[in-house]
Structures are given as structure tokens and as C-alpha cells.
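# Sequence plus predicted model, see below.
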2 protein chains.
Amino acid sequence: MTQLEAARAGKITEAMEQVAEKEKIAVQEVCQGVARGEIVIPANVRHENIQPAGVGKGLRVKVNANIGTSTAYPELAPELEKLAAALEAGADSVMDLSTGGDLPAIRQEIIARCPVMLGTVPVYQAWVEAARRGGHILDMSEDELFAVIEEHARSGVDFITVHCGVTSQVIRTLKEQGRVTDIVSRGGSFMAAWVLHHGRENPLYSQFDRLLEICRQYDVTLSLGDGLRPGALADATDRAQVAELLVLGELVDRARRAGVQVMVEGPGHVPLHQVAANIQLQKSLCQGAPFYVLGPLVTDVAPGYDHITSAIGGALAAWAGADFLCYVTPAEHLGLPTVEDVRAGVIAARIAGHAADIARGLPGALEWDRAMAQARRALDWEEQLRLAIDPVRARQVREQRNQAGAQACSMCGDFCAMQLVADYLGKDFMPC
Amino acid sequence: MTQLEAARAGKITEAMEQVAEKEKIAVQEVCQGVARGEIVIPANVRHENIQPAGVGKGLRVKVNANIGTSTAYPELAPELEKLAAALEAGADSVMDLSTGGDLPAIRQEIIARCPVMLGTVPVYQAWVEAARRGGHILDMSEDELFAVIEEHARSGVDFITVHCGVTSQVIRTLKEQGRVTDIVSRGGSFMAAWVLHHGRENPLYSQFDRLLEICRQYDVTLSLGDGLRPGALADATDRAQVAELLVLGELVDRARRAGVQVMVEGPGHVPLHQVAANIQLQKSLCQGAPFYVLGPLVTDVAPGYDHITSAIGGALAAWAGADFLCYVTPAEHLGLPTVEDVRAGVIAARIAGHAADIARGLPGALEWDRAMAQARRALDWEEQLRLAIDPVRARQVREQRNQAGAQACSMCGDFCAMQLVADYLGKDFMPC
């Protein structure tokens, strides 16, 4: 029984209990949210060491960190370091996007060390295997794709990104319309190329029921990928993107009917003034399914700083209703992230998520800020560092710039506003 | 004649011509904006090497970088390095907030090297001088304060922050209401302490005409400081803040009547969902005066990353109408920024400003992003690096993570979406 099936039957699962406890809400609320499909709990029945978490309406905004090897960097060890860094920085989810090295072995090692939900994009492995057979990646057969999906499900993956919406009709919409950056999603571009090359419909769409059957068996949550997410502001919210979203909305219905948990992925590169509309559109077209966004990046011009461009868009998106933020690291658009990039990416996304939690009125969210403000007012440095979203980094900066034991900080030194006010504002007021 | 007086007389100044050229708008538009007080051109008649820029409605959002010595770090050399870094990173404005070392000499050195508008907070020098006389900083007399203001004006400072709105009545509002962090503005806390200590009205308010006379003479733009800006989300948009803003609105009127250019400063720490309201309130209460915000920081809990918390708030604020963003560096709340922090702060604020320029529909803003997207599509790396908001940093990351000459980046390597799509999408469409 999947979490969705259980919820519909009114059955409270252990995972729901754990989610309710973490979120400090009633378990009935979690159960009803899952039953409506507005909350998902991605927790594969075979992912033994998982501590289940929920994604969706009324819950804290979650943050995902992508890791994984590539052909240029196929080694496992650095990716395990990134996994540890992501977890230490507070990631709620990790995706293994490996395309280099021994993919099944890498995935198993990551799952074994991953107490948070773990996602993958199975088609990557399917095309790598096709290429390794000596052919072209597009030689991948439909059966091979589904075999890999089943392998991922069996190995304990909690959610899979599948680009089911890149249908021949959606590709036609894209071609007729034109775009500056065409397709920037790896999975999306592969599926489009496969469809064009073989002259056949996208099997993830035409055989969607086969996909659902696998997911239902292991309670794998479907993450419907937005293969046509805009890769540039100029392409945002265009007909191709929305045409795909219409397909995804239809598939959300079908997944729910089959008892399969489902969320929907979203952009991408979106200008500030279109972010809220994108979220509202998805929520409306996809019947309130949890929304998992990559960014959105609010400008294209800041390679090296895309954790910041996406923190801006992510905060706004989550405030408007996005539930799950995929981090973007400073290395985005330039190369594979380092361990330090992973840390920076997770923290930036967590800042965005927390800012949105406050704006959404999540119970308890503002209390963290209030505690920090009180520690500031008291010039209690140990408490400030303890409460910092990244205590390690905050302590580093503090210690580099200040003499040990200094009460104020080196920015104001003797002229600390807090100290001055403490001296005077507490006294009886002398009217002028 | 100040820019404002000239504009009212229908006279096009050289500074207006330069602003119109930089902004690619008609000079009449600039002139009319200045005449209405919706645009300021902070350019002291004595700041010889300045290249004038405008701040306000219809213009590109501008970014200020704060530099300056403190008692713990009184040396000039590191601050000159920060000045150079800020200019290289694209700051439109610099504020010298020095409180350590030989303040007049430091200011002169900075002005001499500063081709962008330069701001100061004269009261800092006034209290430092009072303290150096062997007394308490609050021993500063009213005449000493105005003497320092005149000294700053004579030396070529383009705009001065003056906390005129910290009146005895506003302080009473603050005390009656209570706050988590009371006053966090250095100038604001000093003026409040001065008022309470001496039992006299804030001279910057009671002798506002004296201030106007000095500013008119050198065409110094007034930047009306928000001494009671919230220092915590819990204090945002409270009665104390708004009471001060009401006073500032009144002073905007008086400054304009006297022919003095004026802008208004704003928060501070503000939750995401209150940012737009803060901007709208200021624009309404202050008759469309240009708005200069510090942040806003959308959460209190991220010391070490406040360039990011403020980029989120700054983008939203500027989209809602703020015209001028004061950078916040990663060192905020922890210590004096390093050269590297200055660079990070300027770039983060520029990202926020540019994202807002796009959202506000500033002519030409989106073209930069389109050019970058086209370079990405063409896998033209040199052009991408050239167009990056920080070309130095982008090149660094690119070169660290990729083999020289690689066409794709190391993130996708052989499986580059752009390449795959280029191979297939261009072909004739094969319908399924």
C-alpha cells in the first residue's frame, strides 16, 4: 500500500506520524493532505535508513541538493563528500544525477548513506548503458528504459524524475514557436531527440501505466519533469512550457487514480514578475500537486552566482506556493559543483525556503528569527552563532574579523548602536 | 543653482545630459523627473572627478557599497582597496562610513579616487571628535555637528545621510511600543541617545533649515536616514518605523521647497510579504522621493550570508519601486567586511537590481539576458564569460572545473542538452 492509498483508506502510517512530529502539526492534517495529493511523502519501501519527510501544502519548504558523477569526473569519493556536505548543510533531499562510472554501485553507496529522500533520473542510466554497448545513446530501447526504472525502484530510490510530458505534440509546439535556448533539461532534450529520431511517441507518456505499476509497487513518488523548462528569461512562460504543463496535469490525475504519489517539476529561468504566475498556473493545472522548482533564476547573466539568482526566485516561488526547492550552486552553467559549492547551494536555498515559510505564515517559522534578534539585542555571540543557519561559517567570519572576547563587532566597535541604545533608551524618558 | 532648481527652471544641465545618455532616455525625461523630485542626481559642485548618475523613477536601479575604517581597523589602505574592488564590481555609489583614523584625510583620499557618487554620515565624525576631546561622544554640540556637515559639503560629498526623523516624539513612540532590537542604526541610536541625554530636540530636525542652507550651497543631496529602521523581522513595519517615515515625508516637502535634492532611506529587516507594502508606503508618504533601502533582509538567521538575504529582499523592493540598493556583505552582523566581502556584496546587490530592472520593464534590461542566452545556445564560452556580471569570477569557476577547449561544461559533459538538441531539433520533424 502506498502512502496515498493508505491515506485514502484513512490509515495513519508510521511515515505520516514522523512527518507530523517533524512539522509540529496534527497527523490527521498530514494524512488528509496526502489523501488529497497535496502532500507527498517520498519514501520507497526498500529505502531502509530513511527518515521520512513530507513535501507539500502546509509543510516547511524543502530543499534538494543534486550530486553525482559525470563523464569528466566519474569518481565516487568526491560525490560522497558532497553528500555529507549537503546533509550537514541541512538538505532535506538529495538527487543522484550520476552519468559517469559504475552507476548502480554509485547509487547503492549513496542510498546506503542517505537518511533523507533520494531521487534519481533513471533515463540517464538507460542512455549511458546504450552508449556503452557501443551504440548511440538514442539506441536505448523502451524496454531498457523501463528495466532501469524498475532497477531504481528496487534499489530504494524514493522519487524519480521522468520527462513524461515531452510528447510529440509538445515538441511540435516547441518547434512551431521557436525559442532562444530550445531545451536545456538533459532528460528533456534526450526524450525529445529520442522521439524525433525514432519517430515514436515518448514511451514515458505512451506507456505511463507501466511506469505507474512500478511506482505503486515500491511506493516511488513520481516527479514529473519539465523537460521544456525555460533555459532563458526570454523563453519563460511560453507556449511550449505551458503545453507540457497541461500534459503533466493530466498525468497527475492518472497517477493519483493509480494510487501513486506524484509531484510536478517547474522552471527554470523566469523573470521576477512571472514567478508567482508560474506557481499559480501549476497549482491550478495540476490540482494542487506539490511543486518542485529548479530556481527559478531571475536573470541569465550571473554565472558564478546562480545560487543567489535562484535564492531570489526560489523565495518568491515558495512564497507563492512552491513546496520544494532544488538548489542551484555557484557552479551552475559553468561546471560540476565542488563540495564548497554544494554547501553554498544548500544554504542559499534554505534561506529562500525559510524566508518563504515566514511569509506563508508557517507556524513557528518566525520564532527562529525572533530568538536570533533577542540574542543580537543581548550581544550574546555564542547564542547568535548557535542559531545561525550555518554556524560553522558564521563562527569563521566572526573569529577572522574580531578580537577574542570583543562584545561589539568590528563593524561598529566602540560605536555599537545596540550598546548605545542600551545605555540610554532604558532610562526614564526626558521629554524635550 | 542645484540640479533641482535648474530642472524647475527648465534648464538642462550637463549632469542631466550625462544621466540621459547613460540611461538611454530623453534628457527632457530626466529633467522633468528631477523637477518633480522623483529623480535625484547626487553630484556636489566640488566633487570634480564625478561622472554624475541619477537615482529614481524610470532609471536603472543603483547599488551603493559602504566602506570605511573603524576603531579596530583604522588604516586607510585596506579601505582604498575596498573602494577599488567596489568600483571594479560595478558599484554606482560608495559611502565612506569611517569612524577610525584621520577622518578628514581618509575622506579626501576616497573622494579623490571616486568617480561615482560618494556619501557620508557626518554625525559619525562629529561624535568621534567629541570623544577625542576627552569627553563622551554625546558631548557633541549642535554647532559642532553643523560644522562637520559643512566640512563634508565643502569637501565634495555628494549625499549625506542625516537622521532628522529621530525626533523626541518618534522616540516616545518607540519607547511606548517596545521592540525586540530597539535601534540598530548607528546614527539613529546616537541621535536618540543625544536627545535623551540632553533633553533637547534632535537638531537635525529642529534646525532643518540650517541643514538645507548648507546642502543648497553645494548641491549636496539629502538622504533622510531611517534611524528607526527595524533590526529584526519582529520589529518590521511597526509604529516607530512608520512614525519616523511620516516625519521624513514632511521633510521631503521642505527640502524640495528649498531647492534641495532629497531621497529617503528605508529598511532593514523585513519579511518577504511586507517588502512591497514598505515601498508603497514610502513612495506615498514621501511624494515619490527616490527610495534608498538597506537590504531588506528577509530573515534574521543567516549571518555569513546576508548578501543573499538582502538580494532576495532587494530584488523584491526594487521591483516594487525602490530605486537605490545599499549592499549588504556576507560579513554583516559579524564584523567589518574584507575586500572579498565587498565584491560579493556589490555583485549580489547588482543581481537584485538587474532582476528588478527586468521586472520593471526598464528598456534594454532584458537584452543583456537575451545576449547571454544566445551565447549559451551557441556554446560560445568567451562570449558567456564576457557577458557575465562578474567576468573574473565566472572565468575562474569555468577554468577550475573544465578541461581547456571543452565545448560542453563538466556538469553534463558528453550529455549536454544543448548539443543533443542542436543535433535533432534542427532536423525536419518526424510526426509520430
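Now that the structure is in, tell me what you want to look at.

# From here on, just use CA atoms for contacts and neighbour counts.
Fine.

# Run through the bridge partners of the residue sitting nearest the centre point of chain A.
When C-alpha atoms, centre = their mean is applied to chain A, the residue found nearest the centroid is residue A:326 (2.8 Å). Assessed by DSSP bridges, residue A:326 has beta-bridge partners residue A:64, residue A:294.

# Quick check, it in contact with residue A:65.
Yes: counting by C-alpha atoms under 8 Å, residue A:326 does reach residue A:65; the two are 6.3 Å apart.

# can you give me the strands in the stretch 301-432 of chain A?
Applying DSSP state E, counting those that start in this stretch to the stretch 301-432 of chain A gives strands spanning A:324-326.

# And the helices in it?
Counting by DSSP state H, counting those that start in this stretch, the stretch 301-432 of chain A has these helices, from start to end: A:306-320, A:339-359, A:365-377, A:381-387, A:391-401, A:417-424.

# Same question for the stretch 101-250 of chain A.
Along the stretch 101-250 of chain A, counting by DSSP H, counting those that start in this stretch, helices occupy A:103-112, A:122-132, A:142-154, A:168-177, A:186-198, A:203-206, A:208-218, A:239-257.

# Roughly how far does the residue nearest to the centre of chain A sit from chain B?
Going from residue A:326 to chain B by C-alpha to the nearest C-alpha, to the nearest Å gives 16 Å.

# same deal with residue A:173?
Where chain B is concerned, residue A:173 sits at a distance of 11 Å (C-alpha to the nearest C-alpha).

# Look at that residue and say how many residues are nearby.
As a burial measure, residue A:173 scores 18 neighbours (other C-alpha atoms under 10 Å in any protein chain shown).

# Report the contact partners of it.
Each residue near residue A:173 by C-alpha atoms under 8 Å, 6 or more residues apart in numbering or on different chains is listed here: A:239-240, A:243.

# For the nearest residue to residue A:90 once chain neighbours are set aside, give its distance to chain B.
The spatial neighbour of residue A:90 that comes closest, neighbours along the chain excluded (C-alpha to C-alpha, 6 or more residues apart in numbering or on different chains), is residue A:346 at 7.0 Å. According to C-alpha to the nearest C-alpha, residue A:346 and chain B sit 12 Å apart.

# Likewise for residue A:262?
Residue A:262 is 25 Å from chain B, by C-alpha to the nearest C-alpha.

# Which of the helices and strands in chain A ranks last by mean pLDDT?
Between all helices and strands in chain A, the lowest mean by mean pLDDT, DSSP states H and E belongs to helix A:417-424, at a mean of 75.

# From the chain's centroid, how far away is it?
43 Å (C-alpha atoms, centre = their mean, to the nearest Å).

# got a list of what the closest residue to residue A:181 other than its chain neighbours touches?
Of all residues not flanking residue A:181 in the chain, residue B:377 sits nearest, at 5.3 Å (C-alpha to C-alpha, 6+ apart). Contact partners of residue B:377, counting by C-alpha under 8 Å, 6+ apart, are A:180-181, B:418.

# so what's the residue nearest to the centre of chain A up against?
Per C-alpha under 8 Å, 6+ apart, neighbours of residue A:326: A:63-66, A:292-295, A:349.

# Out of those residues, flag the one nearest to chain B.
residue A:349 (9.9 Å; C-alpha to the nearest C-alpha).

# I'd assumed residue A:65 was in contact with that closest one.
No: using C-alpha under 8 Å, residue A:349 is not in contact with residue A:65, being 9.2 Å away.

# Which neighbours do the two have in common?
With contacts defined as C-alpha under 8 Å, 6+ apart, the residues shared by residue A:349 and residue A:65 are A:326-327.

# Comparing those two, which residue is more hemmed in?
Between residue A:349 and residue A:65, counting by other C-alpha under 10 Å, residue A:349 is the more crowded of the two (33 against 29).

# In the stretch 301-432 of chain A, where is pLDDT below threshold?
Scanning the stretch 301-432 of chain A for pLDDT under 70 picks out A:426-432.

# mind redoing it with 90?
A:400-432 (pLDDT under 90).

# now the stretch 151-300 of chain A
For the stretch 151-300 of chain A, no range has pLDDT under 90.

# Give me every residue in it lying close to chain B.
A:168, A:172, A:175, A:180-190, A:192-193, A:195-197, A:199-201, A:231-234, A:271-273, A:298-300 (C-alpha under 8 Å from any C-alpha of the partner chain).

# Mark which of those residues are buried, thanks.
A:168, A:172, A:175, A:180-190, A:192-193, A:195-197, A:201, A:231-234, A:271-273, A:298-300 (16 or more other C-alpha atoms under 10 Å in any protein chain shown).

# And the contacts of stretch A:344-355?
Contacts of stretch A:344-355 (C-alpha under 8 Å, 6+ apart): A:60-65, A:86, A:89-91, A:307-308, A:310-312, A:314-316, A:318-319, A:325-330, A:365, A:389-390, B:271-272, B:298-299, B:302, B:305, B:308-309, B:312.

# Now do it: distance to the chain's middle.
Relative to its parent chain, stretch A:344-355 has a centroid offset of 11 Å by C-alpha atoms, centre = their mean.

# Stretch A:103-121 too?
16 Å.

# contact partners of that stretch?
The contact list for stretch A:103-121 (C-alpha under 8 Å, 6+ apart) reads A:42-43, A:47, A:49-53, A:76, A:80, A:83, A:92-98, A:125, A:152, A:155-162, A:187.
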